[in-house]
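Peer 1: only geometry, no sequence info:
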DNA sequence: AGTACTTGATTGAAAGTTCAACCATGTGCT
DNA sequence: AGCACATGGTTGAACTTTCAATCAAGTACT
């Protein structure tokens, strides 16, 4: 700690050509992929990617229900965003809000049967996209390497700070 | 073409455990990374990631200027989004709009000196983030593999369809 | 020249996200 | 009990993105 010079703290190490290209590809690839998956889901089922992700989490949870704050943490969304999104989904009969039994402050979102059916249908579109655009486009080794990179990123950044 | 059965067209091949995990990591990693880079840029320089990307492109272009449509294509944004974003940047004195000489319809955005200086400052933050969260977190081989995957995605999806 | 069609860009409204302020409930300390 | 403080969730306003409609200018074909 005391050995750090001002220079070592302030100096910016720029990216070399290779790194720069890797970063551009990363940026371009994720943008294009997310955008396309979102678009497919929207046009075929009227669901956005983030709505879809919420439904997936709920469908896997016990009683198909998760508390708002846990949902927010799992998806790296703000509490506020979850509130608004769940409100829209509730308006459309896809989820339901219930009071949490053990914690007076808590609200848990529950997937309705209608919501489950919508998810079951939309999943075809989503999985087809993930396969067609990502999984079928690269070797298993490269996919595994990509996964290592993604996991490292998440480890480096850790939980969200609000 | 004529050999395809209905089944081969309609049947959904679900993801196995490994693929599913890879996809979850992908989703989580990109979400967390983009979110963090955006947040850093915003809090330190009042710039969003997409605004920053526009400035980068402009700064590298001849005369530090690019036509609106080309900017939209390069960043996979809609024309409308570029119009609105450039309007905000123009209001803040970061870019300028000029008529394109050769095409009466065209408008080209130009980076101002003020905009260039802002970019030069913000670049430190951005590059530090890319290094800290991504490049320093993985091996060069895994980064190269990730780049191959990203390039394959872009090739598979190709240009945006509006 | 005149017609239809495409491309470039903007506009305004609707939808979604963020941010700060707020209220209610739980937790810990004295 | 009473206090401060942290946590869970909502709200409304500001901001950003999307979508459909519009206008202007280029291109192609007759």
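Peer 2: Happy to help now that I have it. Everything numeric here is computed off the predicted structure, so don't read it as measured data. Numbers count the residues shown, from 1 in each chain, chains lettered A, B, ... in the order given.

Peer 1: which residues touch the host helix or strand of residue A:97?
Peer 2: Using DSSP states H and E, residue A:97 sits in strand A:95-99. Identification of contacts with strand A:95-99 by Cβ atoms under 8 Å, 6 or more residues apart in numbering or on different chains yields A:54-55, A:58, A:65, A:86, A:89-90, A:106-112, A:115. For every residue, glycine as well, the C-beta is placed using N, CA and C.

Peer 1: do it and DNA strand D meet?
Peer 2: Yes: Strand A:95-99 reaches DNA strand D (Cβ under 7 Å from any atom of the strand) through residue A:97.

Peer 1: so which bits of that strand are buried?
Peer 2: For strand A:95-99, a neighbour-count test (16 or more other Cβ atoms under 10 Å in any protein chain shown) marks A:95, A:96 as buried.

Peer 1: ok, back up a step: kindly identify which of the contacts of strand A:95-99 also come near DNA strand D.
Peer 2: Contacts with DNA strand D within these, counted by Cβ under 7 Å from any atom of the strand: A:86, A:106, A:107, A:108.

Peer 1: report the contact partners of the most centrally placed residue in chain A.
Peer 2: For chain A, the residue nearest the mean C-alpha position is residue A:75 (5.0 Å; Cα atoms, centre = their mean). The contact partners of residue A:75, by Cβ under 8 Å, 6+ apart, come to A:50, A:53, A:54, A:57, A:82, B:31.

Peer 1: switch to 6 Å and redo it
Peer 2: Counting by Cβ atoms under 6 Å, 6 or more residues apart in numbering or on different chains, residue A:75 makes contact with residue A:53.

Peer 1: contacts for stretch A:62-72 next, please.
Peer 2: Residues contacting stretch A:62-72 (Cβ under 6 Å, 6+ apart): A:58, A:79, A:82, A:100, A:106, A:107, A:108, A:110, A:111.

Peer 1: SS state for the residue of chain A found nearest DNA strand C?
Peer 2: Nearest residue of chain A to DNA strand C (Cβ to the nearest atom of the strand) works out as residue A:104 at 2.6 Å. Secondary structure assignment for residue A:104 (DSSP: H, G, I helix; E, B strand; the rest coil): coil.

Peer 1: and it, its phi and psi?
Peer 2: Here is the backbone geometry of residue A:104 (degrees, to the nearest 10): phi -60, psi -20.

Peer 1: now swap in residue A:14 and tell me
Peer 2: According to degrees, to the nearest 10, residue A:14 has phi -70, psi 170.

Peer 1: contacts only, for residue A:29.
Peer 2: Residue A:29 touches B:150, B:153, B:154, counting by Cβ under 6 Å, 6+ apart.

Peer 1: change it to 7 Å
Peer 2: Under the criterion of Cβ atoms under 7 Å, 6 or more residues apart in numbering or on different chains, the neighbours of residue A:29 are B:150, B:151, B:153, B:154.

Peer 1: how about the residues of chain A near DNA strand D?
Peer 2: A:35, A:39, A:42, A:67-70, A:72, A:79-80, A:82-84, A:86-87, A:97, A:100, A:103, A:105-108.

Peer 1: that older thread, hmm, which two among the ones next to DNA strand D among the contacts of strand A:95-99 are most spread apart?
Peer 2: Maximum pairwise distance in those, criterion Cβ to Cβ, is 13.3 Å, between A:86 and A:106.

Peer 1: who's more crowded, these two?
Peer 2: residue A:86 (21 against 14; other Cβ atoms under 10 Å in any protein chain shown).

Peer 1: is the strand or helix carrying the more buried one up against chain B anywhere?
Peer 2: In the assignment (DSSP H and E), residue A:86 maps to helix A:79-91. No: residues of helix A:79-91 contacting chain B under Cβ under 7 Å from any Cβ of the partner chain: none, with a closest distance of 11.6 Å.

Peer 1: do a quick rundown of the strands in chain A.
Peer 2: Assigned by DSSP state E, the strands in chain A fall at A:65-67, A:95-99, A:107-111.

Peer 1: which residue is the nearest non-sequential neighbour of residue A:77?
Peer 2: With sequence-adjacent residues excluded and distances taken as Cβ to Cβ, 6 or more residues apart in numbering or on different chains, residue A:77 is closest to residue A:50, at 7.1 Å.

Peer 1: tally of neighbours for the one you found?
Peer 2: A count of nearby residues for residue A:50, using other Cβ under 10 Å, gives 15.

Peer 1: also residue A:121?
Peer 2: So residue A:121, with other Cβ under 10 Å, has 12 neighbours.

Peer 1: no further queries at this time; thank you.
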